[in-house]
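Peer 1: Quick one, fold the following:
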Amino acid sequence: MNIKELHNPVWKRSDNLRDPSVYKASDGYYLFYSRYSNNDWSRPENWSVACTFTRDFIHFENDRDISGKGFASPGDVIQWNGKYILPYQSYPDVPTMLCYSLSEDLKNWSDPVFFLEEAMELPWNQANRVIDPTFVTEGERLHCFFVGTDRVHYQSATNLVGHAYTDDPELKKWIITTVDKPLIGAYDEAPDGAENVTVFNNGKEWVMIYSEGLKNQHLAYIVSTDLIHWHSRGRIDIPVQSWLTTRYGAPFVWKEDDCWMMILMGEDKDSHTTLGLLTSADGFSWKLLSEQ
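Peer 2: Numbers count the residues shown, from 1 in each chain. A predicted model of the protein is given here:
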């Protein structure tokens, strides 16, 4: 990938492209995303988890759905017990649940396996829905960050971030660390909460970047040394480009040789969503690629 040759948005289609995540392989990049079609949010047949492959973020090939209809929001692909595992969610039918698929080659994926169903019953998850899974491996321990929704204690539906971990190779026994209260709640700048978490280690600490707010969505970050206790919240401001004039969110971060990369979903004035790239030297201050 030659960053100097790239311009935002790096990828756009007639479908709405949402919730990107990237797996960097030896021969290029697998880009996973939510494909949203036909502008009817409520119909499961308009949602699917999709994947495309690119070597340079200019040419994209083999774009196809890897889930059935009625699924969305792919998280981090990790390697687990000799296979790749991709977390995502059922959507939009209720109950909205977390699931994952397994693969041996990043191309062929298993049917969804549902997990962490107990998160639907958390006292702060009043809507009994669990969305936006993010996996992080720490040795033989697997962490999962997820989002629930409270429709009782706030003026409007509010998304809140929770956390669980497992030492079970079969991913069936989970310990939820956020039973009594969420990891990320509502703030003055984001009274309707947070969603779409990405987590990476900068060599000194864990950094979480997430979509803060739903109506007035922007990016924020917190840091941790153990993936359980988080602090030092800050806002990430980025310049406006035409492909993200309405709002932006659903960040995903990975490391290139000389910088950090972020892929981001942007919504333009016509409510169409596309994907763009940012770079950072430290993972906190981000610069958009130039707009085409």
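Peer 1: phi, psi of Glu5?
Peer 2: Main-chain torsions, Glu5, degrees, to the nearest 10: phi -90, psi -10.
Peer 1: Contact partners for it?
Peer 2: Applying C-beta atoms under 8 Å, 6 or more residues apart in numbering, we find Glu5 in contact with Asp56, Ile58. C-betas here are computed from N, CA, C, even on glycine.
Peer 1: Please renumber the chain so that the first residue is 8 from this point on.
Peer 2: Sure, I'll start numbering at 8, so the last one becomes Glu12.
Peer 1: Check the spacing between the residue sitting nearest the centre point of the chain and Thr61 real quick.
Peer 2: Centroid check for the chain by C-alpha atoms, centre = their mean gives Asn203 as the closest residue, at 4.3 Å. For Asn203, the distance to Thr61 equals 21 Å [C-beta to C-beta, to the nearest Å].
Peer 1: just checking, the residue nearest to the centre of the chain is part of a helix?
Peer 2: No: Asn203 is assigned strand when assessed by DSSP: H, G, I helix; E, B strand; the rest coil, not a helix.
Peer 1: give the contact list for it.
Peer 2: Asn203 touches Asp26, Ser80, Asp139, Val154, Tyr217, Ser218, Gly256, Ala257, Pro258, counting by C-beta under 8 Å, 6+ apart.
Peer 1: Out of these, who's the most crowded?
Peer 2: Val154 (29 neighbours; other C-beta atoms under 10 Å).
Peer 1: So that residue sits against Ala134, correct?
Peer 2: No: counting by C-beta atoms under 8 Å, Val154 stays clear of Ala134, with 10.4 Å between them.
Peer 1: got the domain boundaries for this protein?
Peer 2: The record's domain parsing of the chain by automatic domain parsing lists 32-97+113-121, 122-252.
Peer 1: among the ones you listed, which is nearest His279?
Peer 2: domain 122-252 (8.6 Å; C-beta to C-beta).
Peer 1: And the closest one, end to end?
Peer 2: 36 Å (C-alpha to C-alpha, to the nearest Å).
Peer 1: can you give me the strands for the stretch 8-157 of the chain?
Peer 2: 23-32, 35-43, 54-61, 67-72, 78-79, 85-87, 90-97, 105-110, 120-121, 138-145, 148-157 (DSSP state E, counting those that start in this stretch).
Peer 1: List the buried residues in the first one.
Peer 2: Of the residues in strand 23-32, those with enough neighbours to count as buried (16 or more other C-beta atoms under 10 Å) are Asn23, Leu24, Arg25, Asp26, Pro27, Ser28, Val29, Tyr30.
Peer 1: just the fourth one next, same as before
Peer 2: Burial within strand 67-72, assessed by neighbour count using 16+ other C-beta under 10 Å, is assigned to Phe67, Asp70.
Peer 1: Can you verify my assumption that Gly290 contacts Asn208?
Peer 2: No: at 9.4 Å, Gly290 does not count as touching Asn208 under the criterion of C-beta under 8 Å.
Peer 1: shared neighbours of the two, anything?
Peer 2: With C-beta under 8 Å, 6+ apart, Gly290 and Asn208 have common neighbours Val214.
Peer 1: Low-confidence regions, the chain specifically.
Peer 2: Residues of the chain meeting the criterion pLDDT under 70: none.
Peer 1: Report the contact partners of Ser97.
Peer 2: Contacts of Ser97 (C-beta under 8 Å, 6+ apart): Gly77, Phe78, Thr103, Met104, Cys106, Pro119, Phe121.
Peer 1: follow-up on the earlier one: quick one, which of Gly290 and Asn208 is more surrounded?
Peer 2: Neighbours were counted for Gly290 and for Asn208 using other C-beta under 10 Å; Gly290 has more, 22 against 14.
Peer 1: Identify all contacting residues around stretch 246-261.
Peer 2: 15-16, 19, 25-29, 31, 83, 202-203, 205, 207, 214, 216-218, 223-226, 245, 267-276, 278, 281, 283, 290, 295, 298.
Peer 1: Let's see which of the residues you listed end up in helices.
Peer 2: Using DSSP state H, no member of those falls within helices.
Peer 1: re the thing from before, just the buried ones from the contacts of Ser97?
Peer 2: Gly77, Phe78, Thr103, Met104, Cys106, Pro119.
Peer 1: My read is that the fifth one contacts Asp118, right?
Peer 2: Think Cys106. No: using C-beta under 8 Å, Cys106 makes no contact with Asp118, being 9.0 Å away.
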